[in-house]
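> next come a sequence and a model predicted from it.
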Amino acid sequence: CALPIYAQQAILVHPEDCPEASFAVFYKPLEGAGGDFYDVVPVDADVFGYFVADVSGHGASAAFLTSAVKALLRQYTGPLYSPADTMRGVDAVMRQMLGPEQYLTACYAHLNRRTRRLSVVSAGHPPLIIVSPSGQTQTLEMDSSALGMFSALVLQHKEVTVLPGDRFFLYSDGLIESSPGHRRGEGLGRLIGSCIDNRTECLSTAVSAIADEIQAGADTIEDDWLLLGVEVPR
C-alpha cells in the first residue's frame with residue numbers, strides 16, 4: 001500500500017503551501033490511504049475554492065480515485081465555472097469511472113474575499129457549518145444527490161454573506177457518525193459545539209482541538225476523518 005499512500009499525500013495541499021487561503025485541516029484515514037479528499041484552489045484574484053469529498057470505500061482503490069477527483073476539480077475550476085458547473089463536470093466523468101454501487105459525496109465552497117460572499121454547492125454531503133466570533137452558528141443543509149450515481153444530477157446551491165473573523169467548516173461524515181450508536185444528528189451537534197467552544201483559538205489549533213475532542217468522545221472509528229476549517233480574512 002506504500003504507493004497509494006505516497007500518491008495520496010503528494011496531491012494534498014497544505015496550509016503552508018497557500019497561506020493566503022486562510023485554512024487549516026485535519027485528515028486521518030482509517031487505513032494508510034483513504035477515500036476522503038480535500039483541495040484548496042485559487043479561482044481568481046479574489047476567490048478561493050474549498051472542496052471536500054468522500055469516495056465510497058476505503059484503502060487503495062478509493063485512494064486512487066481521489067487522484068482523478070483532484071485532476072477533474074482543477075480542470076473544471078476557474079473564473080468561468082461556478083461551483084455547480086465544477087460539480088457537474090466532476091460528476092460527468094466520474095460516472096464513467098466508478099464501479100457498481102460506487103459514488104462520492106462532495107461539498108464545494110467559493111469564498112470571494114472582496115465581497116465576502118460564500119457560495120456553496122453540496123452533492124449528498126453533510127452540511128457546511130459557519131461559526132461567528134461571537135458563537136452564532138449556521139448550517140447550510142441541502143437536499144442533493146451524490147456524484148457518480150445518477151444520469152440526472154440533483155444539486156443545491158446556497159449563497160450567504162460572511163464577515164471578517166467568521167469561520168466555516170467542511171468535513172466528511174466519519175466525523176459525525178462516530179457518536180455512540182452512530183447517531184448522525186448527535187454527532188453533528190457535538191461537532192458544532194466543539195467548533196463554537198474553540199472559536200477563540202487560532203485556526204490551526206482550533207481544528208486540531210476539535211478533532212481531538214470528537215475522537216475522545218467517539219464510540220468507534222470506522223471511517224476516514226476529515227475536517228477543513230477556513231477563516232474569513234479580517
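The structure has been received and is ready for your questions. Quick caveat: nothing in here was measured; it's all calculated off a predicted structure.

> give me the mean pLDDT for the longest helix along the chain.
With secondary structure taken from DSSP state H, the chain has its longest helix at helix 59-75. Mean pLDDT, helix 59-75: 80.

> so what's the gap between that helix and the chain middle?
14 Å (CA atoms, centre = their mean, to the nearest Å).

> mind checking how far A152 is from F169?
30 Å (CB to CB, to the nearest Å). C-beta: built from backbone N, CA, C; applies to glycine.

> from memory D36 sits against L175, does it?
No - the pair D36 and L175 does not pass the contact test of CB atoms under 8 Å, sitting 9.6 Å apart.

> shared neighbours, these two?
Listed as contacting both D36 and L175 by CB atoms under 8 Å, 6 or more residues apart in numbering are W225, L226.

> I'd assumed S144 was in a strand, is it?
No - S144 is assigned coil when assessed by DSSP: H, G, I helix; E, B strand; the rest coil, not a strand.

> pretty sure it sits against L155.
Yes - S144 is within contact range of L155, at 5.1 Å (criterion: CB under 8 Å).

> intersection of neighbour lists for the two?
Common neighbours of S144 and L155 (criterion: CB under 8 Å, 6+ apart): V121, S122, A123.

> next, name the residue at the spatial heart of the chain.
V52 (2.6 Å; CA atoms, centre = their mean).

> A92: neighbouring residues, count only.
As a burial measure, A92 scores 15 neighbours (other CB atoms under 10 Å).

> that one: which element?
Using DSSP states H and E, A92 sits in helix 83-97.

> tell me the first helix or strand C-terminal of that helix.
strand 104-112.

> CA atoms of that next one as CSV?
Provided in CSV are the C-alpha atoms of strand 104-112 (Å, rounded to 0.1, in the frame of the first residue of the first chain):
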residue,chain,number,x,y,z
LEU,A,104,-18.8,10.1,-3.9
THR,A,105,-20.3,12.9,-1.9
ALA,A,106,-18.8,16.4,-2.0
CYS,A,107,-19.1,19.9,-0.8
TYR,A,108,-17.6,22.8,-2.7
ALA,A,109,-17.4,26.4,-1.5
HIS,A,110,-16.2,29.6,-3.2
LEU,A,111,-15.2,32.4,-0.9
ASN,A,112,-15.0,35.8,-2.5
